[in-house]
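*Asks:* Prediction below, plus the sequence it came from.
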Amino acid sequence: MNEQDMRPSSPPIGSPGGTGSGRDDNIVSLMRDLANQGSHLAEQQLALFKAEVRESATSVKAAVGAMAGAAVVGIAGLGVLLMGLAYLLADAIDHLGLATLIVGLVTLVAAYILYKGAAAKLRASELAPERSQHSLERTPAALRGDLTSEHKL
């Protein structure tokens, strides 16, 4: 036998006991870390989404409450002011029908102004989770390792 036949042959790369097993362990470890970080990122995105939806819902509740308040004030105004002021104005101008009409119109204008203010608050509230959307748009760049790029919305 010659000298080459006497040497033990080394196992192929990637097989147990071979020189590539450490490399395979590193790849498996990196894949495991990537999967863990991906699930952690997904959990954080979901938490951010939930927080934004809660925040938007709170502002919508406030706007709806303001609208309800405007409606209550409008109805109360129609009831009380129409009765009281119409009789006072009727005594001043000696015409009950015209006095009732004037007081009713002024009260409805006040209710309309309150309603428009509440509607503006409702339009100003953001229902779309913009921060989550922005973060999701940046995720592919972060996965490529580009942590400094900012995409314009």
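*Replies:* Thanks, I have the structure now.
*Asks:* Quick check: the gap between residue 86 and residue 70.
*Replies:* Residue 86 is 22 Å from residue 70, where distance means CB to CB, to the nearest Å. Where you see a C-beta, it was placed from the backbone N, CA and C, and this is true even at glycine.
*Asks:* swap in residue 29?
*Replies:* Spatial separation of residue 29 from residue 70 under the definition CB to CB is 62 Å.
*Asks:* between those two, which one's more packed in?
*Replies:* Residue environment comparison for residue 29 versus residue 70 gives the larger neighbour count to residue 70, 20 against 10, counting by other CB atoms under 10 Å.
*Asks:* Let me see the contact set for the more buried one.
*Replies:* 111, 114, 115, 117, 118 (CB atoms under 8 Å, 6 or more residues apart in numbering).
*Asks:* Kindly recompute the last result at 6 Å.
*Replies:* With contacts defined as CB atoms under 6 Å, 6 or more residues apart in numbering, the neighbours of residue 70 are 114, 115, 118.
*Asks:* Quick check: PyMOL command selecting the buried ones in the residues you listed.
*Replies:* Here the buried members of those are turned into a PyMOL selection, burial being counted by 16 or more other CB atoms under 10 Å:
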select buried, resi 114+115+118
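*Asks:* what's the closest of the contacts of residue 70 to residue 45?
*Replies:* The shortest approach to residue 45 among these belongs to residue 118, at 32.9 Å (CB to CB).
*Asks:* host element of residue 112?
*Replies:* Per DSSP states H and E: residue 112 is located in helix 96-124.
*Asks:* quick one: average confidence on that helix?
*Replies:* With pLDDT averaged residue by residue, helix 96-124 scores 87.
*Asks:* so what does it touch, helix or strand wise?
*Replies:* If you count contacts as 3 or more CB pairs under 6 Å, 6 or more residues apart in numbering; DSSP states H and E, helix 96-124 packs onto helix 21-76, helix 82-93.
*Asks:* Can you give me the buried ones in the last one?
*Replies:* I take that to be helix 82-93. For helix 82-93, by 16+ other CB under 10 Å, it's 82, 85, 86, 89, 90.
*Asks:* from those, which has minimum pLDDT?
*Replies:* Across the buried residues of helix 82-93, the smallest pLDDT goes to residue 82, namely 72.
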